[in-house]
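Undergrad: Fold the following.
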Amino acid sequence: MATVTVDGGQQVHFVDYGGDGPAVVLLHSFLMDIDMWEPQVEAFGADFRLIAVDERGHGGTPADADFDYWDVARDAFGVLDHLGIERAAVVGTSQGGFIALRMALLEPGRVTAMAVLGTSAEAEAEGSGTVYRHLIAAWLEAGPEPLVDGVAVFCLGDYDASAWKQKWLGVSGEHFKRIMETLISRDSVLERVGEIQAPVLVLHGSGDSEYPMARAETLVAALPNAEPLVTVVSGAHFLSLSHAADVNPHLKKFLEAHAAGK
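TA: Numbers count the residues shown, from 1 in each chain. Now for the predicted structure:
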C-alpha cells in the first residue's frame, strides 16, 4: 500500500499489485475501499497490473474539502503519473463507474478500455436524492449504528457484509454528509459519453436496488463502442463484490481483449 500527493496537494492511497500485464485501474463503490477488489485480484491479478485506488473520502484517502467526481478522476490519473503509466484500462462499480466515465472524458487517449458495473451516466434522480438526504440527517443525528444493516442490504443484497459494517461504524456524520453530497449533486455525463471511443463493457444486476436496468440500457445505447449489456441475474448494486463469481469471467475476457489497447 502507498500514498501519493497529486496535483493540488491531495493525498491518494492506492495499492499497485504489480505484474507485467496491461495496467488496470480499479475504482470502488460508495462507502467502500480498495479491499472491495479482493475477488478480482485473486481471480485475474496474475494476468494484469491491477492498481486499486481509494477514492476521496474513502479508505486511506482523505477528503478535507468539498469535491466532485471530476476531481477524483484527476486523482486517479495522478496515481498513474506517479507510477509512470501512460495508458490503462479502468474498471469501476457504481460510484467507481461515475469516475471511470469522467476519466475517459478528461483524457480519452489514456483510457484503453472501460468496464462499469451497477452504474449510471445520469445525474441522481430527485427522489433518490431526497431519500439520501434523509439518510444524511439520520446519520448525523443517531450515528451509523442504526443504519448500517439497511445500507448493507441495499448495496450488497444477501452478501455477508459484516466486515464492511464494522468499517462503516467509524464514519462520522459530517464525513458521511460530505461524501454523500458529492454523490447526490453529481452532474450528468450522458450527453457526452458519445465522445468515448474506447471499448466499454457494461454489467448490471437484475436485483440492483438503486438503478433500474433501463439506466444500463441507456448507457450502452449512448456509447459508440459498447459491448452487449451483460445482465447478472439477481445481481446486487455492488455486484463486483456480491456476485464476483458471475462477473469475473466477463471482466477477464473483456480485459484480455482490450486492456492493452490498440
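Undergrad: rest of the way, CA atoms for contacts and neighbours
TA: Noted.
Undergrad: just the CA coordinates of the helix or strand where Ile99 lies, formatted as PDB?
TA: Element membership for Ile99 (DSSP states H and E) is helix 95-106. Listed in PDB are the C-alpha atoms of helix 95-106, where the atom choice follows Å, rounded to 0.1, in the frame of the first residue of the first chain:
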ATOM      1  CA  GLN A  95     -19.500   5.400  -7.800                       C
ATOM      2  CA  GLY A  96     -16.400   3.900  -9.400                       C
ATOM      3  CA  GLY A  97     -18.200   3.900 -12.700                       C
ATOM      4  CA  PHE A  98     -19.000   7.600 -12.300                       C
ATOM      5  CA  ILE A  99     -15.300   8.300 -12.000                       C
ATOM      6  CA  ALA A 100     -14.300   5.900 -14.800                       C
ATOM      7  CA  LEU A 101     -16.600   7.700 -17.300                       C
ATOM      8  CA  ARG A 102     -15.100  11.000 -16.300                       C
ATOM      9  CA  MET A 103     -11.600   9.700 -16.700                       C
ATOM     10  CA  ALA A 104     -12.400   8.700 -20.300                       C
ATOM     11  CA  LEU A 105     -13.800  12.200 -21.000                       C
ATOM     12  CA  LEU A 106     -10.900  14.000 -19.400                       C
END
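Undergrad: in what helix or strand does Arg74 lie?
TA: Arg74 is part of helix 69-83 when elements are defined by DSSP H and E.
Undergrad: what's the nearest residue to the residue nearest the centre of the chain if we skip its chain neighbours?
TA: When the chain is reduced to its mean C-alpha position, the nearest residue by Cα atoms, centre = their mean turns out to be Gly96, at 1.4 Å. With Cα to Cα, 6 or more residues apart in numbering as the criterion, Gly96 has its nearest non-adjacent residue at 4.4 Å, and that residue is Leu27.
Undergrad: residues contacting the one you found?
TA: Listed by Cα atoms under 8 Å, 6 or more residues apart in numbering, the contact set of Leu27 reads 34, 52-55, 90-93, 95-97, 99-100.
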